[in-house]
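J.: I'll drop the sequence and a predicted model, then ask my questions.
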Amino acid sequence: MQFTIHHKDSGSKARTGTVTTDHGQIKTPVFMPVGTAGTVKAIHNKDLSEQVNARIILGNTYHLYLRPGTEILRKAGGLHKFNSWNKPILTDSGGYQVYSLAHRRKLREEGVVFQSHIDGSRHTFSPEIVMDIQRIIGGDIIMAFDECTPYPCDLDYAENSMHLTHRWLKRCCEHFDNTPDLYGYSQTLFPIVQGSTYPELRKQSAEFVASCNREGNAIGGLSVGEPAEMMYEMTELVCGILPQDKPRYLMGVGTPANILESIALGVDMFDCVMPTRNARNGMLFTSEGIINMRNRKWIDDFSPIDPDNHTFVDTMYNKAYLRHLYTSNEMLGPMIGTMHNLGFYLWLVDEAAKHIENNTFADWKNQMVPRVSRRL
């Protein structure tokens, strides 16, 4: 994998670039739609690629390991062939899912023993096992196995967890470097910075991750309930330490405002379930603000979902019709909403890139953040 920086904004730390993988190029800043179980819910791959213009999607190790399982994925030739997605894929290590299953898992030095949320069966994830699973899934970018600390947590817990993540990272790197790519294309390992909301731990973790000298780096353990300003503080601190010439991935973030503020701090890559999950519930993001499509106020509003027309759905469908679909529980409603929300997120990062290239990003960001955050 290679990363090329094209331009740096003069009024912030934002930058544009290109991540090059064997499955294609990823223009940054980029938002990565989440396909937890091998599919981005409620949208066809063709629309995801051509209408939404997604450059890369995510698959999740925990969920894909349980269903369909590594045997099926290996027989298929990896996730790309299994789900017919021919662009890059990033695989999450499953660390966040293990974190969210606190009542179903036991954390040990060796790894994590957990119970499946599907049938209660017991399984073990270790750094080595997770590297093997991600090799089999076939992600172009795979994530190190880490522990995601909850918020809030005390300093001792956060420090012990960080050191455990670092020890696991060493094992991930050693095992990854001693195992081959399975399907004839190269895979890249990203370490993850942890440390909760403690600046001294974040600094220590970022320095350790930087010392591992991988092709890209991630920032984890944020957007787990802490105030937004605290998230930005930790992100800015970490971005100041991680190598400038490598992509930075802020995991699980977030709202349109979160993404714009984090781009300004030097983040290149984002993912979040928010645009797809909220679309299924009728909450749509637009350049003018956030819309609850079930509200009665849209019952006779025949204007486009978003006046900026980010995807073809915005020119085809009006608010009144989409509200009708949602209130009638027609499955087409969430499908249109999903395409719109993902199209908006990709439009937003592409607009950010244009303003970075023109050295107007900082002013544009300051205008957009309050607009995209308001409820309509």
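T.: On my side now, so go ahead.

J.: give me phi/psi at residue 182?
T.: When read as degrees, to the nearest 10, the backbone of residue 182 gives phi -90, psi -30.

J.: pLDDT score assigned to residue 116?
T.: Residue 116 is assigned 90 on the pLDDT scale.

J.: same check, this time on residue 107
T.: On the pLDDT scale, residue 107 gets 87.

J.: and for residue 127, the neighbour number?
T.: Around residue 127 sit 24 other residues, with neighbours defined as other Cβ atoms under 10 Å. Bear in mind the C-beta positions are built from the backbone N, C-alpha and C, glycine included.

J.: likewise for residue 231?
T.: Using other Cβ under 10 Å as the criterion, the residues surrounding residue 231 number 25.

J.: surely it is in contact with residue 253?
T.: Yes. Residue 231 is within contact range of residue 253, at 7.4 Å (criterion: Cβ atoms under 8 Å).

J.: now do the shared contacts for the two.
T.: 222-223 (Cβ atoms under 8 Å, 6 or more residues apart in numbering).

J.: distance of residue 298 from residue 24?
T.: As judged by Cβ to Cβ, to the nearest Å, residue 298 and residue 24 stand 38 Å apart.

J.: ok, the two, which is more surrounded?
T.: residue 298 (23 against 13).

J.: so that one touches residue 325, yeah?
T.: No. Residue 298 is beyond contact range of residue 325, at 11.3 Å (criterion: Cβ under 8 Å).

J.: give the bridge partners for the most centrally placed residue in the chain, please.
T.: Here the mean C-alpha position of the chain is nearest to the C-alpha of residue 271 (Cα atoms, centre = their mean), at a distance of 1.8 Å. In this entry, residue 271 is beta-bridged to residue 32, by DSSP bridges.

J.: check contacts around it.
T.: By Cβ under 8 Å, 6+ apart, the neighbours of residue 271 are 31-34, 58, 90, 249, 251-253.

J.: do that again at 10 Å, thanks
T.: 30-35, 56-58, 90, 92, 249-254 (Cβ atoms under 10 Å, 6 or more residues apart in numbering).

J.: tell me the secondary structure at residue 208.
T.: What DSSP: H, G, I helix; E, B strand; the rest coil gives for residue 208 is helix.

J.: check what pLDDT it gets.
T.: Residue 208 is assigned a predicted lDDT (pLDDT) of 98.

J.: just to check, it is in contact with residue 165?
T.: Yes. Assessed by Cβ atoms under 10 Å, residue 208 is found in contact with residue 165 at 9.1 Å.

J.: now residue 375: how far from residue 258?
T.: Per Cβ to Cβ, residue 375 is found 16 Å from residue 258.

J.: low pLDDT regions in the stretch 151-300 of the chain?
T.: Within the stretch 151-300 of the chain, not a single segment meets pLDDT under 70.

J.: quick one, helices of it?
T.: Taking DSSP state H, counting those that start in this stretch as the criterion, the stretch 151-300 of the chain carries its helices at 155-177, 199-211, 228-239, 256-264, 274-280.

J.: what helices or strands is the shortest one leaning on?
T.: The elements that helix 274-280 packs onto, with contact taken as 3 or more Cβ pairs under 10 Å, 6 or more residues apart in numbering; DSSP states H and E, are helix 256-264, strand 283-285, helix 332-357.

J.: I'd like the ones you listed as TSV, with mean neighbour count and distance to residue 119 appended.
T.: Listed next are the helices and strands packed on helix 274-280 as TSV, based on neighbours: other Cβ atoms under 10 Å; distance: least, Cβ to Cβ, whole Å:
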stretch	mean neighbour count	distance to residue 119
helix 256-264	24	35
strand 283-285	23	32
helix 332-357	23	28
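
J.: could I get the phi/psi values of residue 132?
T.: The phi/psi pair for residue 132 (degrees, to the nearest 10) reads phi -60, psi -40.

J.: burial count for the nearest residue to it once chain neighbours are set aside?
T.: Using Cβ to Cβ, 6 or more residues apart in numbering and skipping the chain neighbours, the partner closest in space to residue 132 is residue 179 (7.1 Å). Neighbours of residue 179 under the rule other Cβ under 10 Å: 13.

J.: now swap in residue 370 and tell me
T.: 10.

J.: for the one 4 residues further on, same thing?
T.: Residues contacting residue 374 under the criterion other Cβ under 10 Å number 9.

J.: disregarding residues adjacent in the polypeptide, which is nearest to it?
T.: Using Cβ to Cβ, 6+ apart, the closest residue to residue 374 is residue 289 (4.1 Å).

J.: same question for residue 70.
T.: residue 136 (4.6 Å).

J.: look up phi and psi at the one you found.
T.: Torsion angles at residue 136 (phi, psi; degrees, to the nearest 10) stand at phi -70, psi -40.

J.: equivalent analysis for the one 4 residues further on, please.
T.: Residue 140 adopts backbone torsions of phi -70, psi -40, taken as degrees, to the nearest 10.

J.: what strand or helix carries residue 364?
T.: helix 361-373 (DSSP states H and E).

J.: actually residue 4, not the one I typed
T.: Under the criterion of DSSP H and E, residue 4 resides in strand 2-8.

J.: tell me the helices and strands packed up against that strand.
T.: Secondary-structure packing of strand 2-8 (3+ Cβ pairs under 10 Å, 6+ apart): strand 15-21, strand 24-28, helix 332-357.

J.: just how off-centre is that strand within its chain?
T.: In terms of Cα atoms, centre = their mean, to the nearest Å, the centre of strand 2-8 is found 20 Å from the chain centre.

J.: just the helices in the stretch 1-150 of the chain please.
T.: 45-50, 61-66, 70-76, 79-83, 95-100, 127-137.

J.: mean pLDDT lowest for which of the ones you listed?
T.: helix 95-100 (a mean of 72).

J.: coming back round to it: dump the residue contacts of the residue nearest to residue 70.
T.: 61, 64-65, 69-74, 76, 78-79, 91, 182-183.

J.: same thing but 7 Å
T.: Shown in contact with residue 136 (Cβ atoms under 7 Å, 6 or more residues apart in numbering): 70, 73-74, 182.
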